[in-house]
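1. Predicted model follows, preceded by the sequence.
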Amino acid sequence: MLKSRRNEILVAAMLVAPFIAIYGWLFVYPTVQMIRLSFTDAPLIGEGAWIGLENYVKLFTDKVYRTAVWNTSYFVLLTVIPGTAVALAIALVVSRLRGYAQSLVLAAFFLPYVLPVTVVYLIWNWLFDVQFGILQSVIEPIMGQPVNVWRRIPWFMPTVALVTIWWTNGFSILLFLAGLRNISHEIYEAAELDGAKRGQVFWKITWPLIWPVTVLCLTIQLILQLKIFDQVYLFSLGGRTAQTMVLVQYIFDQAFVHNDGGYGATVAVSLFIIVVAFSVLQFQGLRARGER
Amino acid sequence: MNRTLMKVLATVALFAFAAGAQAQETVIWWDFLGGGDGIRMKKLLEDFNAEHKDTIEVQATTLDWGVPFYTKVQTSAAVGEGPDIMTYHTSRIPLAVSQSTLAEITADDMTAMGLSQDTFAAATWDAVHVDGKQWAVPFDTHPIVLYYNKDKLTAAGLIGADGLPAGLNGIDNFKAALKKIQESGTKWGISTVTADGNFSFRTIYSLLCQQDGVVLSDGKWLDGDNVQKLENSVKVVADWVTEGYSPSYTDYPATVALFTSGTSAMMINGVWEVPTMVDLEKQGKLFNWGAIELPVFFNHPCTYEDSHAFAIPNNTGKTVTPEKHAAVLEVIKWMEAHSLFWATAGHIPANSAVTETAEYKAMQPQATYAVLTANGIFDPKSKYAGVASPLFDAAGNAFTAAINGETTPTEAVAEMKEILDALE
């Protein structure tokens, strides 16, 4: 069938138009609005006056903001690489199992992932409870006394990181399992014939071949963990929030608790820039390594 | 079909339609009452709807307490999608007024409901006023109180001739009492929510008031000797922990569990825990208990309180018909008149006509602690104050470490002042 090029463009435009419209309306427009808002002193609701770069200047002298940036980075450090490593290890173990045993073990590891964050919070809050928590029987012999991990600042981030890895690991495990199943058996058989040891098989075959999945996992985790909010918010409720603050929580705190929409938007813009920069850097860096 | 029958049917249908249109005024209601008090409010609403079957129907929705509720109210009122009536903490009124979220309650409204200034305690009446205007109708006051295990206190010789705790007034006396309790075989003298500085703020704020201290005066946070007075207050609670009378870093559910299991003999908590005790007692799982006004640690009795009030949102771009407005006022009027049942949730009805009834006076322990409304203090009137506000946040940050002995009261108050001064 013959069609003029103009017709084709028209059809193409018609087909993408709904997407462009929705994307523009629900994503681009709010983003532009947010950036505009960050130059004003607007409250949560309603218009504010244009104050230029004042919010951004405040950002650099704001102690809590600095804490939030540090805590977010610290949290990323504690979860992204360790979480991915744990997921890979579990996936390797699970992939050795067969049949029902594999399904059962996989389900056990995946189960936490389907829980809503509030349930995760309640479970771990009770597990670590100072008076009644069963995990205190582990902590007490080591520390000499029960420790409220949600209120002692050095304990806070590592414990939230632990909970987060427990909670979100299932997804990475699934990705790794899919990756492992993709590696052809013949390669392993050949290696076995050549007398390769277990360690050699892992580092020379599995590791390079699973690398693209690792990159994917790391990138997903990085973006997800930079946006950490729910767990930190719930576990720090009523306590020392200025010390345990993370970036998204600070946006919420400024916009919704302090009724300062303009400054909240400024923090949001800064997080946006950080996420974009990190993702590009990480993706490029990891890809370069993978193509070596 | 027979013509007469058709006519009859048509007439009936018409009547039904007309009756329906004229009768039912729907009132959209939002509240944040999720606990034991939420169950009681549902009962009240059911009763209201049953009594007003042909005239008013309240359609109620319960939303999340705290920041989520107030954010939703603020945003929905700004676009004209708010409810017709809602519950509101009086401590949150200053922020709402600065955001034009609330509609004023006029003198005519009050007359229509048969209520006046004399209906309410002075502090409660004052709490619903900002800039000389009234913004809500107080429904209750809910202070913190001292819960006690009567069996344990009797064993420690701390129950007076009137059957109420004795010898608790004064910082040292109180500690001596805690010591006696622990010596008579109870693990903890008192449990308080030591993990959350913002919850403990209610206690600390009461103690500040007992020294005539204030958090905000003439637009200045912690001016002059208020710093010293606040340090004194923090020290009282911190000493209970460091001297081993109160468990450290204990969160809300554990605080209640320690008391109800008899592991601690006293507890400072809101009156909203009264239903918990009543229910346990009914199941035969609780000891003899009671609740009283906080003891006097400094110069005079004073206790933190807040109030659930009814407010009408200022729905932008939406005009309220006189009929609808009358229906809303009828809801408030009815609730105020029936607040005796609300008292079973622990809250003290704001309507003094109710607290003066014989039924209320027979209600225990409510009637015992209700006297404290004469000595109550509300949050400072600032858009940064109130439940789940920046002021509470600041207290959480400053006091959590201090009451558990990680920092000193002096450091904590300095931190608090720094955070508050940074608010614009």
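-> In hand now; what should we look at? Numbers count the residues shown, from 1 in each chain, chains lettered A, B, ... in the order given.

2. Compute the number of surrounding residues for the residue in the stretch 1-150 of chain B positioned nearest to chain A.
-> Ranked by C-beta to the nearest C-beta, the top residue of the stretch 1-150 of chain B for proximity to chain A is B:Ala78, at 4.5 Å. Placement of C-beta: from N, CA and C, glycine included. If you count neighbours by other C-beta atoms under 10 Å in any protein chain shown, B:Ala78 ends up with 20.

3. Now it: closest residue in space, sequence neighbours ignored.
-> A:Ile45 (4.5 Å; C-beta to C-beta, 6 or more residues apart in numbering or on different chains).

4. ok, the one you found - contacts?
-> Going by C-beta atoms under 8 Å, 6 or more residues apart in numbering or on different chains, A:Ile45 touches A:Gly261, B:Gln74, B:Thr75, B:Ala78, B:Gln99.

5. Which pLDDT value goes with it?
-> What the model reports as pLDDT for A:Ile45 is 81.

6. Quick one: find the helix or strand in the chain with the lowest mean pLDDT.
-> With no chain named, the answer covers chain A. helix A:261-291 (a mean of 84; mean pLDDT, DSSP states H and E).

7. Chain B was what I was after
-> When the helices and strands of chain B are scored by mean pLDDT, DSSP H and E, helix B:3-23 comes last with a mean of 56.

8. Tell me which helix or strand comes right after that helix.
-> strand B:25-31 (DSSP states H and E).

9. three-state assignment of the spatially most central residue of chain B?
-> Closest residue to the average C-alpha location of chain B: B:His142 at 3.4 Å, with C-alpha atoms, centre = their mean. Judged by DSSP: H, G, I helix; E, B strand; the rest coil, the three-state class of B:His142 is strand.

10. what's the closest non-adjacent residue to it?
-> B:His142 sits nearest to B:His347 (C-beta to C-beta, 6+ apart), 4.8 Å away.

11. A:Gln249 versus the one you found, what's the distance?
-> Using C-beta to C-beta, to the nearest Å, we find B:His347 at a distance of 32 Å from A:Gln249.

12. How about A:Val201?
-> 44 Å.

13. For the stretch 101-250 of chain A, what lies in contact range of chain B?
-> The stretch 101-250 of chain A has residues A:125, A:129-132, A:147-148, A:150-152, A:237-243 near chain B, with proximity defined as C-beta under 8 Å from any C-beta of the partner chain.

14. try 10 Å
-> Contact residues (C-beta under 10 Å from any C-beta of the partner chain) of the stretch 101-250 of chain A with chain B: A:122, A:125-126, A:129-133, A:145-153, A:236-245.

15. quick one on the thing from earlier: so A:Val201 and A:Gln249 - more neighbours on which side?
-> Shown here are A:Val201 and A:Gln249; by other C-beta under 10 Å, A:Gln249 has more neighbours (22 against 15).

16. So that one sits against A:Ser236, correct?
-> Yes: the criterion here is C-beta atoms under 10 Å, and A:Gln249 meets it with A:Ser236 at 8.0 Å.

17. Need the contacts of A:Ile45 in CSV (columns: distance to B:Pro253 and secondary structure).
-> Formatted as CSV, those follow (distance: C-beta to C-beta, whole Å; DSSP: H, G, I helix; E, B strand; the rest coil):
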residue, distance to B:Pro253, secondary structure
A:Gly261, 34, helix
B:Gln74, 30, helix
B:Thr75, 31, helix
B:Ala78, 36, helix
B:Gln99, 33, coil
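
18. filter these to the buried ones?
-> A:Gly261, B:Gln74, B:Ala78, B:Gln99 (16 or more other C-beta atoms under 10 Å in any protein chain shown).

19. where are the low-confidence patches of the chain?
-> Because you didn't say which chain, this covers chain A. Applying pLDDT under 70 to chain A flags residues A:1-3, A:288-292.

20. meant chain B actually
-> Ranges of chain B meeting pLDDT under 70: B:1-23, B:424.

21. try 80
-> B:1-23, B:35-36, B:424 (pLDDT under 80).

22. quick one, domains of it?
-> Domain assignment for chain B by automatic domain parsing gives B:22-139+B:307-361, B:144-304+B:389-422.

23. Quote the end-to-end distance of the last one.
-> Yep, that's domain B:144-304+B:389-422 we're talking about. Domain B:144-304+B:389-422 has an end-to-end distance of 29 Å (C-alpha to C-alpha, to the nearest Å).

24. Go through stretch B:141-152 and flag the buried ones.
-> B:Thr141, B:His142, B:Pro143, B:Ile144, B:Val145, B:Leu146, B:Tyr147, B:Tyr148, B:Asn149, B:Lys150, B:Lys152.

25. Spatially nearest residue to A:Gly46, not counting backbone neighbours?
-> B:Ala78 (6.9 Å).

26. do B:Thr124 as well
-> B:Thr124's closest residue in space is B:Pro138 (C-beta to C-beta, 6+ apart), at 4.8 Å.

27. give me the beta-bridge partners of the one you found?
-> B:Pro138 has these beta-bridge partners by DSSP bridges: B:Ala309.

28. Let me see the contact set for it.
-> B:88, B:90, B:115, B:119-121, B:123-125, B:127-128, B:307-310, B:336, B:349-351 (C-beta atoms under 10 Å, 6 or more residues apart in numbering or on different chains).

29. quick one: it and B:Ala343, what's the gap?
-> Taken as C-beta to C-beta, the span from B:Pro138 to B:Ala343 is 14 Å.
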